[in-house]
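Participant: build the 3D model from these lines:
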Amino acid sequence: MIVAIIVTSVICLGVGVIYWRLSIPVYYGNPDEGYLWYGVLRTREGKVPIRDFRAYDPGRYYLLAWLGAILGDNIRSIRNMSLGIYLVLLLPCLWIHYSLQHDLVSTSILALLLMIFSYPHYKAIDTIIPSIITACIALALNLDTAQLYVLAGAIVGASCVIGFNHLLYSAIAVGLTFTLSLITDPQSLSSYMWFIAGGLLGLVPMMLFLSRKGVASAYYLRKIRRVLDRGTTNLKIELPLPWKRPDRKLTQSQKIDYYTLGLAMVSLPLLYITLIVHGLYGGHVSLTMVASAAGVGYFNHFYSRADTLHLQLSVVPLLWCVSALESKSLLYVIMIAVMVFLVYQIALRLLIKEYKTHRLGEKSTILPFPHAQVWVSAGTARFYSALDLYIRESAISRDRIYCAPILPHLLPLMRITSPVYDTFPVYPGSKGQQEEMITQLKRERVQLVIIRLIGIDFREDLKFHNSYPLVWKYLQEHYTVHRPDFLPKQYRIFKALDL
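Facilitator: Below you'll find the predicted structure:
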């Protein structure tokens, strides 16, 4: 066991150091990363996620805000903290894996692949949850003690603080696992009760959060009600089925993505079902069966969006499944080859592209902002610098500037405090949502509005003037359009008429 602890620690720290050198100091401009960073900054100011600003579930913000008070809240600190949290939580999962499998080779390969999956780092806190869930359930079922069932249940319940979807997927995994375990061991019903008790205990942090003034109603109206109204948890995109031609022309790289995702769409459910049967064959609840059950739950995450980053969480349980196979079998070798390809497609290829473009590219430079000391292309640096200068010369307060629809990364970079709640309006706005946005623009006396007219997912209907027509009409009537020379063609700047 000591050897396994040393080996896995060395592997994880080694990959972490490589990431620290290559990915932490490179490029900034991803809306999702800006959405996280902005939320951390607002949380540090004492604002409450979801109630006071649009946000994911609150756990990640409070955790990073607390660490940020010690380590700093600039973009490199946010990335370092996210990577560090992933590493610290991954190591115990790997040690649990070794204690169950007693196979240093498979544990080492799992450590390497899972650690690579910590990129992109703004997704790391989400990406580690399937591993934690799988490890905890497997340990509890194998050691079969009431204390471990309660602990595993508490961890599953607490996952909703990071994301309610994690609780949902974990519940599917637990329900499937225990149903199958009851088939092999009818006495395990009492274990299920202990697990449920732990799950209720794990919900306490989220209940405490919801008990804060105005949070429960905001959570229902801003999250649950909107999901129910839309009928989907995410923007639906074309399902990349391998026998179907894509609706638009793709580059060679995009074609590889499309057919990789298509094969995953078809094969992942079949693999998980096959591995569940394989896990049952031994007559006891195995790690393979637990990981497969987790994979069934997390497959919905991929299905809801069908892109490489959503595939990431769906593949993590499969890595655990593969590592639980006999390491000398042909199936194991084939599956490892497939996993290496998927890890490359999902994480490494993105990192290599960003590093070559923004660090090794021609005239690469460091952004001239003390809170965002990262390498970017010269063109990106010029745009950000010119926009910051434009705002300063306009003498506009940074709490009276609104950016939309996919510009949340501008908020922390330019130190803007959004006067409008919805900082990431990617879904088509209902009449009520648009009227609310107009009311906030009026009430907060917003002086500058920066709009990026880009078709999200290449969809014309998701350009801002089509998805928020009432707001667009209001901007045209009460603001004047400015087109400074530095502004890319897909951007529009609206200045209030009284300026």
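
Participant: residue 166: what secondary structure?
Facilitator: Counting by DSSP: H, G, I helix; E, B strand; the rest coil, the backbone at residue 166 sits in helix.

Participant: count of neighbours near it?
Facilitator: Neighbour count of residue 166, defined by other CB atoms under 10 Å: 25. C-betas here are computed from N, CA, C, even on glycine.

Participant: distance of it from residue 368?
Facilitator: Using CB to CB, to the nearest Å, residue 166 is found at 38 Å from residue 368.

Participant: what's the answer for residue 414, then?
Facilitator: Distance from residue 414 to residue 368, by CB to CB: 12 Å.

Participant: what's the answer for residue 24, then?
Facilitator: Per CB to CB, residue 24 is found 18 Å from residue 368.

Participant: who's more crowded, the two?
Facilitator: Neighbours per residue, other CB under 10 Å: of residue 24 and residue 368, the larger number sits with residue 24, 18 against 11.

Participant: contacting residues around the closest residue in space to that one that isn't next to it in sequence?
Facilitator: Excluding the flanking residues, the one nearest residue 24 by CB to CB, 6 or more residues apart in numbering is residue 79, at 4.9 Å. With contacts taken as CB atoms under 8 Å, 6 or more residues apart in numbering, residue 79 has the following neighbours: 23-24, 121-122.

Participant: among those, which one lies nearest to residue 89?
Facilitator: For the contacts of residue 79, the closest approach to residue 89 (CB to CB) belongs to residue 121, at 13.7 Å.

Participant: hmm, that closest one is touching residue 22, no?
Facilitator: No: contact criterion CB atoms under 8 Å: residue 121 and residue 22 do not qualify, at 11.5 Å.

Participant: could you check how far the residue lying closest to residue 167 once chain neighbours are set aside is from residue 393?
Facilitator: Among residues not flanking residue 167 along the chain, residue 160 sits closest, at 3.8 Å (CB to CB, 6+ apart). From residue 160 across to residue 393, the span is 46 Å (CB to CB).

Participant: who's more crowded, those two?
Facilitator: residue 160 (23 against 8).

Participant: any idea how far that one lies from residue 209?
Facilitator: Taking CB to CB, one finds residue 160 at 10 Å from residue 209.

Participant: where does the protein dip in pLDDT?
Facilitator: Within the chain, the stretches with pLDDT under 70 are 184-188, 233, 238, 279-286, 326-328, 499.

Participant: who's in contact with residue 369?
Facilitator: So residue 369 contacts 384, 388, 413 (CB under 8 Å, 6+ apart).

Participant: reformat those as a markdown table; add distance to residue 253.
Facilitator: Shown next, in a markdown table, are the contacts of residue 369 (distance: CB to CB, whole Å):
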| residue | distance to residue 253 |
| --- | --- |
| 384 | 26 |
| 388 | 32 |
| 413 | 28 |
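
Participant: nearest to residue 50 among the residues you listed?
Facilitator: residue 413 (22.7 Å).

Participant: got the contact list for residue 368?
Facilitator: Here residue 368 is in contact with 381, 385 (CB under 8 Å, 6+ apart).

Participant: need the three-state assignment for it.
Facilitator: For residue 368, the assignment made with three-state DSSP gives coil.

Participant: phi first, then psi, for it.
Facilitator: The phi/psi pair for residue 368 (degrees, to the nearest 10) reads phi -80, psi 40.

Participant: next structured bit after the strand or helix carrying the residue nearest to residue 24?
Facilitator: Using DSSP states H and E, residue 79 maps to helix 75-101. Sequence-wise, the next helix or strand downstream of helix 75-101 (DSSP H and E) is helix 104-116.

Participant: packing partners for that next one?
Facilitator: The helices and strands touching helix 104-116, judged by 3 or more CB pairs under 8 Å, 6 or more residues apart in numbering; DSSP states H and E, are helix 2-22, helix 75-101, helix 308-323, helix 330-343.

Participant: the last one versus helix 104-116: what angle between them?
Facilitator: Counting by axes from the mean of the first three to the mean of the last three CA atoms, to 10 degrees, helix 330-343 lies at 20 degrees to helix 104-116.

Participant: quick one: the residue nearest to residue 24 from residue 5, how far?
Facilitator: Residue 79 is 26 Å from residue 5, by CB to CB.

Participant: in stretch 375-387, what counts as buried?
Facilitator: 375-377, 380-381, 383-384, 387 (16 or more other CB atoms under 10 Å).

Participant: which pair of those residues spans the longest distance?
Facilitator: Using CB to CB, the buried residues of stretch 375-387 span at most 18.8 Å, a distance reached by 375 and 387.

Participant: about what we covered before: for the residue nearest to residue 167, give me its contacts.
Facilitator: 57, 166-167, 202-203, 206.

Participant: ok, and the most crowded of these?
Facilitator: With neighbours taken as other CB under 10 Å, the top of these is residue 166, carrying 25 neighbours.

Participant: isn't residue 115 right next to residue 11, touching?
Facilitator: Yes: because the distance of 6.7 Å satisfies CB under 8 Å, residue 115 is recorded as touching residue 11.

Participant: with neighbour numbers in mind, choose between these two.
Facilitator: Each of residue 115 and residue 11 has its neighbours counted (other CB under 10 Å); residue 115 has more, 26 against 20.

Participant: contacts only, for the more buried one.
Facilitator: Counting by CB under 8 Å, 6+ apart, residue 115 makes contact with 11-12, 15-16, 87, 90.

Participant: just residue 168 next, same as before
Facilitator: Residues counted as contacts of residue 168 (CB under 8 Å, 6+ apart) are 297, 300.

Participant: equivalent analysis for residue 455, please.
Facilitator: By CB under 8 Å, 6+ apart, the neighbours of residue 455 are 462-463.

Participant: can you check residue 42 too?
Facilitator: 49, 52-53, 61, 417 are the contacts of residue 42 under CB under 8 Å, 6+ apart.

Participant: in helices, which of those fall?
Facilitator: residue 61 (DSSP state H).

Participant: using a markdown table, lay out the contacts of residue 42 together with neighbour count and distance to residue 484.
Facilitator: Output for the contacts of residue 42, formatted as a markdown table (neighbours: other CB atoms under 10 Å; distance: CB to CB, whole Å):
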| residue | neighbour count | distance to residue 484 |
| --- | --- | --- |
| 49 | 24 | 34 |
| 52 | 16 | 32 |
| 53 | 23 | 28 |
| 61 | 25 | 34 |
| 417 | 17 | 23 |
